[in-house]
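Participant: Sequence first, then the predicted structure:
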Amino acid sequence: MKSMEEFREEIGDTSFVSVRGGGTRWNLGGPLREGTIIVEAPKGVINYKPEEMIVRVGAGTKLSTLQDDLSELKQEVALAGFSESTVGGSLAVGSSSHRRARIGAACDVLLQADCVGADGKQFVAGGPTVKNVTGYDICRLLVSSLGTLALIGVVTLRTRPKPEIGVWLKGELDFGEIANCCYRPASVLYDGSKTFVFIEGYEADVEKERVFLEKVGMTVMDRALEIPPLQKGETKKDLNGGFLDLQTGDVYSNDANSNIEVSEEVQRLSNRIKQNFDPTGRLNPGRKPH
Ligand SMILES: Cc1cc2nc3c(=O)[nH]c(=O)nc-3n(C[C@H](O)[C@H](O)[C@H](O)COP(=O)(O)OP(=O)(O)OC[C@H]3O[C@@H](n4cnc5c(N)ncnc54)[C@H](O)[C@@H]3O)c2cc1C
């Protein structure tokens, strides 16, 4: 596995530079400036600590590989992606799972990030423990920053227990009726005419909830619902083959709309943060995290 020192050397301290993961959201946030050097983050799992519910892994590791390995330990990380997505890419775009209402958001997964900053020096954000209360919470700033503040080499992630089973049901119930039948559904998605519910947990509990939902007209689906990526900042509009999450208000669709309005205040704050982290604008130039 590539070391952090090798990663740092490739990044250097002068050129425009970007990290490429699986390339599944490569143009998100705008095209990369021409002439930008592209590097890859270290790949591979460094260690699992299932008893402490953490894992340390190179950011270039495929997310699907990590999830498969964790699955053998009956654990998972609350990140989502496609089969080629990397751990670093998922953190950089901030991709939460469609099960976010139950398992939490991407920004809560990253405990420690070993990074290279715009000055070409290595730094460590966060710490390797779940209870870590000192200093600024840089890790939460890095998630969704699209690699514009620092380039992530190695990460320590929080894991969580993997549910025993999960079941998709579909029907025409509204959210209130669904909430009467089940405790903390993992997903309640609406496509403009039908409602899709995903329940998960211990088999006995899921079975009970399944029976309640079937009694009020939902039917079990024979395969998992295919869900496109979450579109940041979108609100309910023409769903066009996508889904509205009735618990979080998120929209999942293949119809990316990059014209999201950002308030002046947020833009000013965001510019100040970028200026502090990367005064010459050399990290992922051209990308706008909003
Ligand atoms: C159910 C589901 C939910 C999803 N939710 C979301 C979502 O919430 N938001 C969303 O945009 N996509 C979402 N996706 C899409 C998916 O998360 C991305 O395709 C994937 O995570 C990107 O990983 P990648 O390795 O392909 O990144 P790439 O496409 O290679 O890179 C994406 C960006 O991240 C930067 N980057 C990559 N690695 C690093 C690194 N190590 N350090 C710093 N910067 C880096 C790149 O420079 C680039 O700007 C979702 C997909 C699914 C299936």
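Facilitator: Done, it's in.

Participant: How about the contacts made by the residue most central in space within the chain?
Facilitator: Centroid-nearest residue in the chain, with C-alpha atoms, centre = their mean: residue 95, separated by 2.4 Å. By C-beta atoms under 8 Å, 6 or more residues apart in numbering, the contact set of residue 95 is 25, 79-81, 85, 106, 229-230. Where C-beta positions appear, they are placed from N, C-alpha and C, glycine not excepted.

Participant: got the residues of the stretch 151-290 of the chain near the ligand?
Facilitator: Taking C-beta under 6 Å from any ligand atom, the part of the stretch 151-290 of the chain that reaches the ligand is made up of 151-152, 227, 229-230, 232, 284, 287.

Participant: Could you rerun that using 5 Å?
Facilitator: For the stretch 151-290 of the chain, the residues in contact with the ligand (C-beta under 5 Å from any ligand atom) are 151-152, 227, 229-230.

Participant: The stretch 1-150 of the chain now?
Facilitator: 18-26, 41, 59, 80-81, 85-86, 88-90, 92-93, 95, 98, 146-147.

Participant: from the residues you listed, which ones fall inside strands?
Facilitator: Mapping these onto strands (DSSP state E) picks out 18-19.

Participant: Select only the buried ones of the residues of the stretch 1-150 of the chain next to the ligand in ChimeraX?
Facilitator: Burial among those is assessed by 16 or more other C-beta atoms under 10 Å; the matching ChimeraX selection reads:
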select :18,19,20,21,22,24,25,41,59,80,81,85,86,88,89,90,92,93,95,98,146,147
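
Participant: Give me the neighbour count for the residue nearest to residue 17 when sequence neighbours are not counted.
Facilitator: Leaving out its chain neighbours, the residue that sits closest to residue 17 by C-beta to C-beta, 6 or more residues apart in numbering is residue 37, at 4.8 Å. Neighbourhood size, residue 37 [other C-beta atoms under 10 Å]: 13.

Participant: about what we covered before: look up how far residue 25 lies from the residue nearest to the centre of the chain.
Facilitator: Separation of residue 95 from residue 25 (C-beta to C-beta, to the nearest Å): 8 Å.

Participant: overlap in contacts of the two?
Facilitator: 85, 229.

Participant: circling back: who's in contact with the residue nearest to residue 17?
Facilitator: Residues in contact with residue 37 (C-beta under 8 Å, 6+ apart) are 10-12, 15-18.

Participant: For ChimeraX, write the select line for the buried members of those.
Facilitator: Selection of buried members from those for ChimeraX, criterion 16+ other C-beta under 10 Å:
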select :10,11,16,17,18
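
Participant: so which of the contacts of residue 37 comes closest to the ligand?
Facilitator: Compare each of the contacts of residue 37 with the ligand using C-beta to the nearest ligand atom and the shortest gap goes to residue 18, at 4.5 Å.

Participant: Pull the contacting residues for the closest residue to the closest one other than its chain neighbours.
Facilitator: Spatial nearest neighbour of residue 18, excluding adjacent residues (C-beta to C-beta, 6+ apart): residue 284 at 4.7 Å. With contacts defined as C-beta under 8 Å, 6+ apart, residue 284 is in contact with 17-19, 32, 36, 146-148.

Participant: 7 Å - rerun?
Facilitator: Each residue near residue 284 by C-beta atoms under 7 Å, 6 or more residues apart in numbering is listed here: 18, 32, 146-148.

Participant: One more: residue 56?
Facilitator: 46-47, 154, 156.
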